[in-house]
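Asks: Structure for the following, please:
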Amino acid sequence: NWKTDMYDCYRNIGKLQTAESQKKAFFKITESLGLDSNTMPVSRRPNYGCGGAMGPAQFIPTTWLLFSDRVAQLTGHNPPNPWNTEDAFTASALFLADAGATLQTEAGERAAAKTYISGSPSCTRSICNYYSNRIIALSREIDRIL
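Replies: Sure, this is the predicted structure:
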């Protein structure tokens, strides 16, 4: 939960975010949805980064707030909910498009994948390289099948 999994190690589109800013955003989101922040699940810390991500698309709170207005416009859910599948994956599509996926090139897709996992399109950490390589391999497999 937020009490144990939101702490000082976040990156959000290249900017270091504090645990306090994540908590403040988390409380804003849960309050706007009428949810009890103490009962809403967030991710545990993985070995490569931070915990505290919300919902099926695993948005950290400050990143969710960057996309919530656009998600509301597209889904009609106001406020949108990061634990709602439609809202979460609409936000993911927007995030990936903004991060380079709309270029429809391997470089654009790789940048989008790295941004999604780390907040930085130029991340060189092993998890970023692994994740982006896996995404490219899956994309090639889908293209092969189609």
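Asks: what's near enough to touch the closest residue to residue 101 other than its chain neighbours?
Replies: Excluding the flanking residues, the one nearest residue 101 by Cβ to Cβ, 6 or more residues apart in numbering is residue 112, at 4.1 Å. Bear in mind the C-beta positions are built from the backbone N, C-alpha and C, glycine included. Counting by Cβ atoms under 8 Å, 6 or more residues apart in numbering, residue 112 touches 96, 97, 99, 100, 101, 121.
Asks: Could you give the number of residues near the first one?
Replies: Neighbour count of residue 96, defined by other Cβ atoms under 10 Å: 19.
Asks: Then it would be within a strand, right?
Replies: No: read with DSSP: H, G, I helix; E, B strand; the rest coil, residue 96 is helix and lies in no strand.
Asks: ok, it touching residue 116?
Replies: Yes: using Cβ atoms under 8 Å, residue 96 is in contact with residue 116, at 6.3 Å.
Asks: partners of the most centrally placed residue in the chain in the sheet?
Replies: By Cα atoms, centre = their mean, the chain has its centre lying nearest to residue 59, at 3.3 Å. For residue 59, the beta-bridge partners are residue 54 (DSSP bridges).
Asks: What ranges in the chain fall below the confidence cut-off?
Replies: For the chain, the stretches flagged by pLDDT under 70 are 7-17, 48-49.
Asks: how does it look with 80?
Replies: Under the criterion of pLDDT under 80, the regions of the chain flagged as low confidence span 6-19, 45-50.
Asks: the strands in it, which residues?
Replies: 10-12, 15-17 (DSSP state E).
Asks: report the longest helix in this protein, please.
Replies: Once the chain is assigned using DSSP state H, the helix that runs over the most residues is helix 126-145.
Asks: in that one, what counts as buried?
Replies: 128, 131, 132, 135 (16 or more other Cβ atoms under 10 Å).
Asks: Hmm, residue 92 is touching residue 57, no?
Replies: Yes: in this structure, residue 92 is within contact of residue 57 by Cβ under 8 Å, at 4.4 Å.
Asks: Show me which of those two is the more surrounded one.
Replies: Under the criterion of other Cβ under 10 Å, the comparison of residue 92 against residue 57 puts residue 57 first, with 21 against 18.
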